Each structure stands twice: as structure tokens, then as C-alpha cells.
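In: Mind looking at a prediction? Sequence and model below.
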Amino acid sequence: MVNQNEEQLDFKFLVENTQEKVRNTCLRFVNNSEDADDIAQEVFIQVYDSLSHFRNESQLSTWIYRIAVNKSLDFLRKKKRKKRFAQLISLFGYEEDREEIDYPATGNPQNDMENKERKQILDWAVDELPDNQKTAIVLSKYEGFNNKEIADIMNLSLSAIEALIHRAKKNLHNRLYKYFKKQC
């Protein structure tokens, strides 16, 4: 039988080994560090509360990232509902604060500005994707998970993930093509 001190040490070790990646995953979805910190904290609260129910059907880290993705998507859905409600109330609209994840400076102000603009356009295009495509592309291209890991996190088949990523890339291509075509 494991005593409570050992459980606390195990949980502390688990948090220390996954917290940065969980926070970064949340940040990729919500684009605001304070919100990402809050969501990551909620993730670990749920992990702590639900750890006894973990059935070892997947890796523990996969289960944790699935919770992080779900919490992030839930946050975005709530935020969209609040935004729609606020737009009904306010004649001036409603603008959410977004925190930019900066590219490292190259030392060339022109290049730095162009990179920042490209990133903003790409972030916009990714945000416009349906939730399941956004999740797959963020986990693949931003977080570096392979398709098998993404399938485990999203609880989908490998072929479903491959199709989601393919559709996400196609949708991104179409959105970006239309955007840049308008700019010319």
C-alpha cells in the first residue's frame, strides 16, 4: 500500500515533468499566458482528482495532454459564447486580449517585423480552423507530437488524424491563399 507522502511525491514529480509542455500546449490554443497558466492549473487539479481512475489504456502523459487539449477547447468555447453575448449587449463590439508568442529577434528590424506579421496571419488562419483540425495541427506542427501520439491524445484512429491534418493543411492553404491574393 502506498502512503500519502509517496503519492504526493509521485504527483509532484509528474507535475514537474509535464507542466511546461502542458502549459505550452494550452498557450498554443488560447494565446494568452495568464489563461494558459489557469488552464494548466485546472488540468493538474483534474489529474490529481482523477488519477485513481486512470486505467493505463494509454500513456499517462497522453492522458494528461488530452485533458489539456479538452480544457483549452472548453475555455475557447466559453470565450466565444461570452464574446457573442457581449456583442449583443455592446454596440462597440468586444475585443479579447491576446498575447503574442514572439519569434526570436534576428537583429534585423525589417525581418523581425515581417516575421511577426506572418505569425499573426498564420495564427489567425489556425484559429479559423474547426476545433478538431486546429487541435491536430497544433499538436503536430507546434507541439511536435507524431500522428500516433496525436491519435492517442484525441482518442481517434491514426487514419482519422492523418485525414484531419490533411484537411487542416488544405484549409490553411486556402485561407492563406485568399488572404494574400486580396493583398496583391
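Out: Thanks, I have the structure now.

In: residues touching Ile161, list them.
Out: With contacts defined as Cβ atoms under 8 Å, 6 or more residues apart in numbering, Ile161 is in contact with 136, 147, 150-151, 154. From N, CA and C alone the C-beta is placed, and that goes for glycine too.

In: Which strand or helix spans the residue nearest in space to the middle of the chain?
Out: Nearest to the mean C-alpha position of the chain, by Cα atoms, centre = their mean, lies Phe29 at 3.1 Å. If you go by DSSP states H and E, Phe29 is part of helix 4-30.

In: Give me the buried positions along that helix.
Out: 14-15, 18-19, 21-23, 25-30 (16 or more other Cβ atoms under 10 Å).

In: what do you get for stretch 116-128?
Out: Of the residues in stretch 116-128, 125-126 count as buried by neighbour count, 16+ other Cβ under 10 Å.

In: pLDDT of it, averaged?
Out: Mean pLDDT, stretch 116-128: 86.

In: how long is stretch 140-153 from one end to the other?
Out: Start-to-end span of stretch 140-153 (Cα to Cα, to the nearest Å) is 11 Å.

In: ok, and what's touching that stretch?
Out: Against stretch 140-153 from outside (Cβ under 8 Å, 6+ apart): 21, 24-25, 28, 58-59, 62, 65-66, 69, 136, 139, 157-158, 160-162, 165.
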